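[1] Coordinates for the following, if possible.
(chains A and B)
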Amino acid sequence: MEKHLNPVRFAVALIIALSVLLCASLMLPHDRYFRFQTYDNVTTRKADWIYERLHFDTTPVDVALIGTSRTAGGLSAPLIEQTYCTQTGRRIRVANLGLPETGRNLHYVVAREAARTKAPALTVIELNDVETRKPHRGFIFLADAQDVLAAPAAINLNYVSDLIRLPGRQAALFAQTTLGQPTLRNSFDPNAYPGAHMDRTAQQISIDGETKSRDVTHSQAKMNALRAKRMQHVSPTWLAPEPLRFLEYRFSKTYLNRIRQTARGGVAYVYIPAYGAPAPPIALFDALGVDGPVIDLGGAAALDPSLWIDATHFNANGARAASLRFANELARTHPTLGEKDHCP
Amino acid sequence: MVFSSYVFLLAFLPAVLIGFYALRARRAYHASVTFLLAASFVFYAYWSLPHLAVLIASIGANYALGRIAAGRRSKPVRRAATALGIAGNLSLIFIFKYLDFAGTNLAAVTGGQWTLLNFLLPIGISFFTFQQIAYLVDCYTSGKAERSARDYALFVSFFPQLIAGPIVHHSQTRPQFAALAKAPLNLDMLPYGVLIFAMGLFKKAMIADPIARAIDPIYAAAAAGDPLTAAMVWTAMVGYTLQIYFDFSGYCDMAIGLGLMLGVRLPVNFNSPYKAKSIIEFWRRWHITLSNFLRDYVYIPLGGNRGSQLFRLRNIFLTMLIGGIWHGAAWTFVIWGALHAAMITANHALRVWAPMLDRWDDTATTVVKRMGLLAFVMLAWVFFRADSLPTAMSIIAALGAAGPASVGVEPAALALMAVAAGLALFAPNSLEIAGYTANLQRRFPPQEKGLGVLRPTPLSATAAAIMLACGIFAAWRPAVFIYFNF
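    Residues are numbered from 1 along each chain as shown, chains lettered A, B, ... in the order given. Below you'll find the predicted structure:
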């Protein structure tokens, strides 16, 4: 007969066994393609396309655009390719890898994925008029287990919650990989693949397939009202007292450093403004450790209400103007990207 | 805070256990009971702070009225206090739960208009109001009330049973809270609590929720008016029958397990109901404390079995109908309650007028009775699950529909349903395995041989760890308990 444990020994045995199981779950294998497909906690689906573009599409990536929905909806990769080629006579391949919502940890995941698979000659990182202090809520869905474990624990509001959700994610992905999941694609389906570009500058497609045109303009009064409403929720650049300011954006700074370390080619930045914020916040960029050229898409465009769909996103016209400006600036600062070829 | 969520499993519960046992280790027994009350309020406030105010106000009012109802004042005053308390509790539940339903239907009948108030339902209101109604009636009849406001508040708000029962009788918890405040508790209950909790969590996370994910699309298709095949609706019907079984059974196990971890034995609320041979027996096994409440505080006040047989059957029907409506303010619950009321009334009538049929229980008859009962229960669950009467009717109508044999769920889900059915129909339940008893006159953990096979051993600790780990894994895609909606 098996020996009975007293309550304390039972509790100790239980805690040890549970810890072993939870730690072991982190090593459960799974199909990373499934992981990128299951990220549905967003308004628009794109993570699966990013995975397909980087892993299955043989088209090279010369320029990887890393950022938020401002990048996704504000920069047209085909237009940038075309304009750049017209300017330089060189054919480049641009991949807009912007994903909605903010948080530099997810930018790192995407940028590293691009670096490992396509080694872009240039990784362009989005900068804004404000910088979030929070991690991206999609990080736990897309990051490798090692990324979650190696995330900075201090000044990381999601560290604990990401860590405790990780065993569940690993187990769920393991089960999906092993048992199959009818809503997920087991292998790359070229017929379901939208192509080398997922251009969301003319229209946005919600996760349930609803299409909305971005060819929308608002009056100056409406835009001012939208900006005023937004600014009610924007905190001052500095919340921490002077001696502690080095901690305030440390989370973002850590991941921007990691992106720079991972990038195999060069790194550049693009300032995508909000409506009414024409000038790049240089002090904030310094705090983030921004050390390379910044392509500035602000200025007059940030004050022109005809270019905005809401307080933070260009409309179709704004995106066109921003893409042209970006491509021209890119041609000026990085004229040797890609290779000599016919323009698209 | 759902029992199967990360915040409960990895933050709230460990914090409560550590705090509780740390206080008890310092012999701060009173403080440990107060700590439980504070933890219960935090648990409730996690959903809604304003609703915590509703709960506290309800507790305060009922405590005061209970003192009057049991006090030395004249009988009319005591009766008035009891009546006021019952009316107040029923008004509270009516306003939050039934006012919109009643108003909408009244407007439809009279041709008037009703503007929906859309009050957010305080979670667990159906449970804590019923518990307090029972308390007030008991105060009036017994002349005894709880003296300690803290112990009364804990009796109502004790977090393991606050949200979805069991509906606890004051006489069940009073001596236990009093003992907790005075003396060391029986630590031997702790491992049993963990084991029963782990089994409940496993049932919820690894059986009920995966089945729900498999069959929900079929119910959604029915609600959307999409065409359904017989194979699909049979799968959905069987699936929900199993889902609600393991969801509620899992919850009840978790409640009892949590109680044991904190030194409190809660009443058994679920006892393998699909093993019942009659609908009467079914209701002695499903939501046992609700059945007892309805018997003691609805059926008997209605007249019970005093009077003619027809009068008694009327009381049974009305009691079960009220039980159905208690579940929710919708015609689907009224129909569900009416179906069960009709069936249980017929069963009682059979006992009176054709007792031979009722007693006929050779093996073949028992199998037929069980199958017949299951068929009825499954059919009735359609109304319980459907979001509207038209949806329920479309599912019922499709039971014989022609069409492809595709069941609309994955083979793995079908296999899970087969295993779940085997467990529900043939396996001993977790409380039997643990030898659990809520009877305070009997010792728990059991010392006698033959009472339960569960013992705190290295193997059972490992099994509990595996089940808890499965629950933690499943919290990645959390789901609430069905009975949390009531």
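
[2] contacts and neighbour counts: CA atoms only from here.
    Noted.

[3] element containing A:H107?
    helix A:104-117 (DSSP states H and E).

[4] Check which element follows that helix along the chain.
    Assigned by DSSP H and E, the successor of helix A:104-117 is strand A:122-127.

[5] Provide the strand pairings for that next one, with the direction of each partner.
    strand A:63-66 (parallel), strand A:266-271 (parallel) (DSSP bridges).

[6] Can you say which of these is packed in most?
    Greatest average neighbour count among the strands paired with strand A:122-127 goes to strand A:63-66 (a mean of 28), per mean count of other Cα atoms under 10 Å in any protein chain shown.

[7] now the helix holding A:H107 against strand A:122-127, angle please.
    170 degrees (axes from the mean of the first three to the mean of the last three Cα atoms, to 10 degrees).

[8] Does anything pack onto helix A:104-117? Which helices or strands?
    Helix A:104-117 sits against helix A:47-55, strand A:63-66, helix A:139-142, helix A:250-262, with contacts defined as 3 or more Cα pairs under 8 Å, 6 or more residues apart in numbering or on different chains; DSSP states H and E.

[9] Do a quick rundown of the strands in the stretch 101-250 of chain A.
    A:122-127, A:203-205, A:211-213 (DSSP state E, counting those that start in this stretch).

[10] Let me have the ones you listed in JSON lines, adding mean neighbour count as columns.
    Below are those laid out as JSON lines (neighbours: other Cα atoms under 10 Å in any protein chain shown):
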{"stretch": "strand A:122-127", "mean neighbour count": "24"}
{"stretch": "strand A:203-205", "mean neighbour count": "16"}
{"stretch": "strand A:211-213", "mean neighbour count": "12"}
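
[11] hang on, the earlier thing: I'd like the strands paired with strand A:122-127 as TSV, with mean pLDDT appended.
    Converted to TSV, the strands paired with strand A:122-127 look like this (pLDDT from 0 to 100):
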stretch	mean pLDDT
strand A:63-66	98
strand A:266-271	96
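
[12] List the contacts of the residue of the stretch 201-350 of chain B found nearest chain A.
    Of all residues in the stretch 201-350 of chain B, B:M261 sits closest to chain A, at 10.6 Å by Cα to the nearest Cα. Contact analysis of B:M261 by Cα atoms under 8 Å, 6 or more residues apart in numbering or on different chains lists B:17, B:189-194.

[13] Could you check how far the closest residue in space to B:F473 that isn't next to it in sequence is from B:A198?
    Residue nearest to B:F473 in three dimensions, not counting chain neighbours: A:G168, with 3.5 Å by Cα to Cα, 6 or more residues apart in numbering or on different chains. The gap separating A:G168 from B:A198 is 16 Å, by Cα to Cα, to the nearest Å.

[14] Am I right that B:L65 falls within a strand?
    No - the assignment for B:L65, made by DSSP: H, G, I helix; E, B strand; the rest coil, is helix rather than a strand.

[15] quick one: pLDDT of the closest residue to it other than its chain neighbours?
    Nearest residue to B:L65, sequence neighbours excluded (Cα to Cα, 6+ apart): B:A81, at 5.6 Å. B:A81 is assigned a predicted lDDT (pLDDT) of 95.

[16] How many residues are close by B:A81?
    For B:A81, the number of neighbouring residues by other Cα atoms under 10 Å in any protein chain shown comes to 22.

[17] Sticking with whichever residue of chain B sits closest to chain A, tell me its helix or strand.
    Nearest residue of chain B to chain A (Cα to the nearest Cα) works out as B:F473 at 3.5 Å. B:F473 belongs to helix B:458-474 when assigned by DSSP H and E.

[18] Just the CA trace of that helix, in PDB.
    Only the C-alpha atoms of helix B:458-474 are listed here, as PDB (Å, rounded to 0.1, in the frame of the first residue of the first chain):
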ATOM      1  CA  PRO B 458       2.600  10.700  -3.800                       C
ATOM      2  CA  LEU B 459       0.500   9.200  -6.700                       C
ATOM      3  CA  SER B 460      -2.600  11.300  -5.900                       C
ATOM      4  CA  ALA B 461      -0.400  14.400  -5.400                       C
ATOM      5  CA  THR B 462       1.000  13.800  -8.900                       C
ATOM      6  CA  ALA B 463      -2.500  13.200 -10.300                       C
ATOM      7  CA  ALA B 464      -3.700  16.400  -8.700                       C
ATOM      8  CA  ALA B 465      -0.700  18.200 -10.200                       C
ATOM      9  CA  ILE B 466      -1.500  16.900 -13.700                       C
ATOM     10  CA  MET B 467      -5.200  17.900 -13.400                       C
ATOM     11  CA  LEU B 468      -4.300  21.400 -12.100                       C
ATOM     12  CA  ALA B 469      -1.700  21.800 -14.800                       C
ATOM     13  CA  CYS B 470      -4.400  20.900 -17.400                       C
ATOM     14  CA  GLY B 471      -6.600  23.500 -15.800                       C
ATOM     15  CA  ILE B 472      -3.900  26.100 -16.000                       C
ATOM     16  CA  PHE B 473      -3.200  25.200 -19.600                       C
ATOM     17  CA  ALA B 474      -6.900  25.500 -20.500                       C
END
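
[19] Fine by me, we can end here.
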